[in-house]
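Peer 1: sequence unavailable; structure follows:
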């Protein structure tokens, strides 16, 4: 029998312990190379490294500790929170995760409802066009921008046309069209967080500092996510946090730089960091940020 071992979380999102008090029992939802998701109550939490930034639902440990934890877990495994010891325990595992030495964090946006300098939009265009990559929905960003600025929508792909529609319904009162467009993107694409969902997260991030989305648009997304199963559990989690203005630190770093003047070098650095996330999640989220910036500036006359 293996000797029990305690691993110590280095950091955790500050509201997680309170949630665990109210929802002490759950199960392992999914395993990855750099961590795992657990379902407690109706929410997911990520236990893993901070390779992709500090998550709004993250419990972060060193890579070595995560590898030991992953090796000890047999799916499916029940998970329990012990409030007295401040530990998460896993069924049939000899490893427990303690919060006692961890530092609570909160990914805060420093400013809201700010006017963003045009130079930052130019920075996004330069970096994303130079990357030469396509989004997870097979949309060439450079070509999209050329078509957007030349108003050549009739020559665009279906994906590009739906992006135009997305930008238009942000301030629309046409509930049926808002609903249709949102559903086009939710769950569209491959992966744990489909590309369409990543686009929406990026768009909602720009909304958090500019207010570009109408209440009707936000209510429609919220309603679909709460009452239907239209995308992956993990993508749903990211979107629910995004609707509250909560994002990973990789996105927060960009937003805080965008809201200040003369931070172009920081924007470039943080955007480049975002592009390293996942297989296509980084580029897809960055494209969502770009959609938001283009909508805000209303370059298309």
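Peer 2: Cool, got the structure. Small disclaimer: the values here were computed from a predicted structure and weren't measured.
Peer 1: and the helices in the stretch 201-301 of the chain, which stretches?
Peer 2: 215-227, 233-243, 249-258, 264-274, 281-297 (DSSP state H, counting those that start in this stretch).
Peer 1: buried ones in the first one, by neighbour count?
Peer 2: So the one you mean is helix 215-227. The neighbour-count criterion (16 or more other C-beta atoms under 10 Å) identifies 216, 217, 220, 221, 224, 225 as the buried residues of helix 215-227. (C-beta placed from N, C-alpha, C; glycine too.)
Peer 1: residues contacting the first one?
Peer 2: By that I understand residue 216. Shown in contact with residue 216 (C-beta atoms under 8 Å, 6 or more residues apart in numbering): 172, 173, 175, 178.
Peer 1: touching stretch 223-234 from outside, list them.
Peer 2: 29-30, 37, 39, 44, 179, 182-183, 186-187, 192-194, 196-197, 236, 239-240, 243.
Peer 1: for the chain, what are the low-confidence residue spans?
Peer 2: Scanning the chain for pLDDT under 70 picks out the ranges 1-3, 112-115, 151-158, 298-301.
Peer 1: which strand in it has the most residues?
Peer 2: For the chain, the strand with the greatest residue count under DSSP state E is strand 25-32.
Peer 1: quick one: end-to-end distance for stretch 5-15.
Peer 2: 25 Å (C-alpha to C-alpha, to the nearest Å).
Peer 1: buried residues in it, which are they?
Peer 2: The neighbour-count check on stretch 5-15 (16+ other C-beta under 10 Å) flags 7, 9, 10, 11, 12, 13 as buried.
Peer 1: picking up where we left off before, which parts of the longest strand of the chain are buried?
Peer 2: 26, 28, 29, 30.
Peer 1: which one of those sits closest to residue 86?
Peer 2: Checking the buried residues of strand 25-32 against residue 86 by C-beta to C-beta gives residue 26 as the nearest, at 16.2 Å.
Peer 1: ok, now which ones touch that closest one?
Peer 2: Counting by C-beta under 8 Å, 6+ apart, residue 26 touches 38, 39, 40, 41, 78, 79, 80.
Peer 1: still on that earlier bit, filter the contacts of residue 216 to the buried ones?
Peer 2: The neighbour count (16+ other C-beta under 10 Å) marks residue 178 as buried among the contacts of residue 216.
Peer 1: in strands, which of the contacts of residue 216 appear?
Peer 2: Per DSSP E, the contacts of residue 216 never map to strands.
Peer 1: tabulate the contacts of residue 216 (TSV), appending distance to residue 121.
Peer 2: Listed next are the contacts of residue 216 as TSV, based on distance: C-beta to C-beta, whole Å:
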residue	distance to residue 121
172	22
173	27
175	30
178	25
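Peer 1: which of the contacts of residue 216 fall within helices?
Peer 2: Using DSSP state H, the subset of those located in helices is 175, 178.
Peer 1: now, which of the contacts of residue 216 sits nearest residue 70?
Peer 2: residue 178 (41.0 Å).
Peer 1: which non-adjacent residue is nearest that closest one?
Peer 2: Nearest residue to residue 178 in three dimensions, chain neighbours excluded: residue 169, at 4.7 Å (C-beta to C-beta, 6 or more residues apart in numbering).
Peer 1: what number of residues lie near that neighbour?
Peer 2: 22 (other C-beta atoms under 10 Å).
Peer 1: thinking again about what came up before, right, and the helix or strand after the longest strand of the chain?
Peer 2: For strand 25-32, the following helix or strand on the C-terminal side (DSSP states H and E) is strand 35-40.
Peer 1: which other helices and strands contact that following strand?
Peer 2: On a contact count with 3 or more C-beta pairs under 8 Å, 6 or more residues apart in numbering; DSSP states H and E, strand 35-40 meets strand 25-32, strand 43-48, helix 63-72, strand 78-82, helix 233-243.
Peer 1: now that strand: how far from the chain's centre is it?
Peer 2: Taking the mean of its C-alpha atoms, strand 35-40 sits 16 Å from the chain's own mean (C-alpha atoms, centre = their mean, to the nearest Å).
Peer 1: and it with helix 233-243, angle?
Peer 2: On the basis of axes from the mean of the first three to the mean of the last three C-alpha atoms, to 10 degrees, strand 35-40 is oriented at 70 degrees to helix 233-243.
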